[in-house]
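Asks: quick one, fold the following:
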Amino acid sequence: MFSYCADPSQLEGLTWLSCYLTTGKHMAFYWAVPLVLLLLAITAPVALGFGFAGASAARSQFAPLRWLGKTYIALVRGVPDIAFFLFFVIALDQGIEYLRHKVKCPDWDQPIRQGSDFVVCQVAKMPLGTDPQWVHETYGFAIAVLTFSIVFGAFAANVLFGAMRAVPHAQLETAEAYGMNPRQIFRRVLVPQMWVYALPGLGNLWMVLIKATPLLFLLGIEDIVYWARELGGTKTPRFTDYPHPDWRMWYFLALLVFYLIFTRFSEIVLDRLMRRLTRGQATTGGEAQRKAA
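Replies: Residues are numbered from 1 along each chain as shown. Reported below is the predicted structural model:
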C-alpha cells in the first residue's frame, strides 16, 4: 500500500508493522467486518419475519397450520445450532441442484446418488464452475443468511408466541365488543401491544445472533474468524514476506474487543427502544417512567 513497502526485508519496527497491516490479506480481513454487519442487517429482519409467521401459525385456529407452526418452533429449537447449520447448508445446496438437474438434464440416465457421492450434470451445479468468484461468494452468503434466518426465526417465533399470549385477554375482548373482527383485533390490538413483552426476549436473541456470526467460518465463508486464524498463525520466511511467530492470541483479542463494543452499542439502542415502547404502558417499565416523571 505504501511506497516504502516494496522490499519487506529492509523494514523494521513500526514501518514493518504498517506494511504488514496493509497487505492484501489484511484488507480482506478488514472487509470481513462489514460482511458480518451485513449478515446481521439482513438476517435480523428476515428472521423476525420467519418468527412472526411461525408465531402467527402456532396460534392459528386452523389445526394443520397450528401444528406446522409449533413443529417448526420445536424442531429447530431442539437441534444444536452447529448441527443444523452443517446439515441444512448441505441439504439446501443439494436440493437446489437436484431440482435444477431435473429441469435441465431430463435425459440423464445415471443415478444421482452414487454411494456417498451426489452427482448431477454440470449445468445443474450451483454455482457453475465457470461463474466468477463473486457469484460463488454471493451464493454462499445467501445460503448462510437463509440458514441463520430459519434457525433464529424459530427462536423469535417462540418469543413472539409468548408475547402474544402475554397481552391481556381483556383488551382483546374489549376490541371484540366494539365490533372488530379477528383480523382487525390481531392487527390493531394484539400486534402493537405484544412488542413491549417481546422486546426483552428479542434483545437477548439479537445478542445471541451477534455471538453466532463466527459460525460463518463453519459454512466456508471467509469471515473475521477465518482471517484471524489465517493471519495470526505462525509465518516463516519461506511462505511470506512478513514472517512472524504465532499471533493468533492478538488477532482474537481484537475480535473480542470488536464484539464487546458492538454488543455494548446494541444494549444502549435496545434500552432506548424499550423505554420508548413502555412509555404510557401498564407495565413495570411504564410504571417506573410515570414515577420518575
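
Asks: which residues of the stretch 51-200 of the chain fall in helices?
Replies: With DSSP state H, counting those that start in this stretch as the criterion, the stretch 51-200 of the chain has helices at 63-77, 81-104, 133-166, 169-177, 182-185, 191-212.

Asks: quick one: closest of those helices to M27.
Replies: Nearest to M27 among those is helix 133-166 (15.3 Å), distances taken as CB to CB. Backbone N, C-alpha and C define where each C-beta goes, glycine included.

Asks: list the buried ones in the closest one?
Replies: Within helix 133-166, the residues that count as buried by 16 or more other CB atoms under 10 Å are 140-141, 143-161, 163-164.

Asks: which other helices and strands contact it?
Replies: With contacts taken as 3 or more CB pairs under 8 Å, 6 or more residues apart in numbering; DSSP states H and E, helix 133-166 sits against helix 24-58, helix 63-77, helix 81-104, helix 191-212.

Asks: Throw those into a markdown table and include mean pLDDT and distance to W227, thanks.
Replies: Formatted as a markdown table, these follow (pLDDT from 0 to 100; distance: least, CB to CB, whole Å):
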| stretch | mean pLDDT | distance to W227 |
| --- | --- | --- |
| helix 24-58 | 90 | 4 |
| helix 63-77 | 88 | 30 |
| helix 81-104 | 81 | 20 |
| helix 191-212 | 88 | 18 |
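
Asks: nearest to P237, out of those?
Replies: Nearest to P237, of all those, is helix 24-58, at 16.6 Å by CB to CB.

Asks: got the angle for that closest one vs helix 133-166?
Replies: Orientation check (axes from the mean of the first three to the mean of the last three CA atoms, to 10 degrees): helix 24-58 against helix 133-166 gives 40 degrees.

Asks: which elements pack onto helix 24-58?
Replies: Applying 3+ CB pairs under 8 Å, 6+ apart, we find helix 24-58 packed against helix 63-77, helix 133-166, helix 191-212, helix 224-232.

Asks: distance from the chain centre to that helix, please.
Replies: From the chain centre to the centre of helix 24-58 is a distance of 4 Å (CA atoms, centre = their mean, to the nearest Å).

Asks: for I42, which of the helices and strands packed on helix 24-58 is the nearest?
Replies: Relative to I42, the nearest member of the helices and strands packed on helix 24-58 by CB to CB is helix 133-166, separated by 5.3 Å.

Asks: what's the angle between the closest one and helix 81-104?
Replies: Going by the same axes, to 10 degrees, helix 133-166 makes 120 degrees with helix 81-104.

Asks: any idea of the mean pLDDT for helix 133-166?
Replies: Averaged over helix 133-166, pLDDT sits at 87.

Asks: low-confidence regions, the stretch 151-293 of the chain specifically.
Replies: 236, 238-239, 279-293 (pLDDT under 70).

Asks: please repeat the previous calculation with a cut-off of 90.
Replies: For the stretch 151-293 of the chain, the stretches flagged by pLDDT under 90 are 151, 162-200, 208, 211-248, 251, 270-293.

Asks: in a markdown table: the helices of the stretch 51-200 of the chain, plus distance to G49.
Replies: Shown next, in a markdown table, are the helices of the stretch 51-200 of the chain (distance: least, CB to CB, whole Å):
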| stretch | distance to G49 |
| --- | --- |
| helix 63-77 | 13 |
| helix 81-104 | 18 |
| helix 133-166 | 7 |
| helix 169-177 | 24 |
| helix 182-185 | 19 |
| helix 191-212 | 13 |
